[in-house]
Every structure is written in C-alpha cells, then in structure tokens.
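Novice: Predicted model follows, preceded by the sequence.
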Amino acid sequence: MNPSEKFFRRERRSVPAARRFAHAFLAEWGLAEAERGGDVLLCVSELATNALVHGVPPGRQFRVFLCYDGRVLRVEVHDSGGGVPHVGRAEDGDEGGRGLLLVAALADKWGVGERDLGKLVWAEFECAEAPAEAATAF
C-alpha cells in the first residue's frame, strides 16, 4: 500500500484543497481519469464538507487519508467532533442532508469508526481498472 495523508484547517477552502489532494493521489496511481475517479472525488468533497460543518470544533483540523492496494481505494476523513454520522432523509427544499446519501450510493462500502478523540468516516472503491504498472508500483 502507498498511503497518503494530509491535515486541513477548519475553513471552507479546505474542501476544494482536500479534493485537489485526492486528485493528485489518484493521478499518481493512474486513477484520475478512470471510471471511478469522479466518484472518489465527489465522496472526498462530501466527507470533507461533513467533517468541516459537523465534526471539527473551532481550532481543530480534519485529516484526509487515502490508500490504494492495486484493487481497492480507501478514503478516510478523520475529525475530532462527537456524534455518529448517518444517512438522513433530505426533503426537496433542503439545501443539505444528501452528502452521506451520495457516499452510500457511490462507494462500494462505507462506514464510521471510532477514534480516541472523534471519529473517522471511510469509503472504499473497487478500482481494478488501474493500469497494471501503477497497481504494482508499491
């Protein structure tokens, strides 16, 4: 595995920065233009937004962790906030409430894990269409 991680501050510009970070990781593995690349980036945006809005107390950061084993790409977003995220039911007029619904629809698996302080929300994507030379690079 070739994991990569980065911490982001509690500010709105961290969401597009997390997405750029994920895109660079995908590009390194030849997955940026792959069929699942857009799904991964959308889920990174949604999980980072959820961490920013609901999970990161003032003065804290959130962490984006990515790893790929040549078959499965795993995205984790760690925050130090409380609570357990769940898929909600957004009404037609609601501006939010669809983030985890999108993650659940796009990822092959997803879930929530505990940490000493806070939680991590993860999503996994089968990415077997990566070029053979990228998949064996580690």
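Specialist: Good, I have the coordinates.

Novice: quick one: contacts for the residue most central in space within the chain?
Specialist: Compute the mean C-alpha point of the chain, and by CA atoms, centre = their mean the closest residue is Val44, 3.3 Å away. Taking CB atoms under 8 Å, 6 or more residues apart in numbering, we find Val44 in contact with 18-19, 22, 64, 75, 77. For every residue, glycine as well, the C-beta is placed using N, CA and C.

Novice: Among those, which are located in strands?
Specialist: 64, 75, 77 (DSSP state E).

Novice: The first one reaches Ala18, doesn't it?
Specialist: Translated: Val64. Yes: taking CB atoms under 8 Å as the definition, Val64 is a contact partner of Ala18 at 5.0 Å.

Novice: Overlap in contacts, those two.
Specialist: Here Val64 and Ala18 have 6, 8, 44, 48, 77 as joint contacts, going by CB under 8 Å, 6+ apart.

Novice: residues in contact with the residue lying closest to Val84 once chain neighbours are set aside?
Specialist: Nearest in space to Val84, with sequence neighbours left out and distances taken as CB to CB, 6 or more residues apart in numbering, is Val112 at 5.7 Å. Shown in contact with Val112 (CB under 8 Å, 6+ apart): 84-85, 119-122.

Novice: go on, His78?
Specialist: Per CB under 8 Å, 6+ apart, neighbours of His78: 51, 62-65, 115, 118-120.

Novice: Across the sheet, point out what pairs with it.
Specialist: Here His78 sits in beta bridges with Arg63, Leu120, going by DSSP bridges.

Novice: No further queries at this time; thank you.
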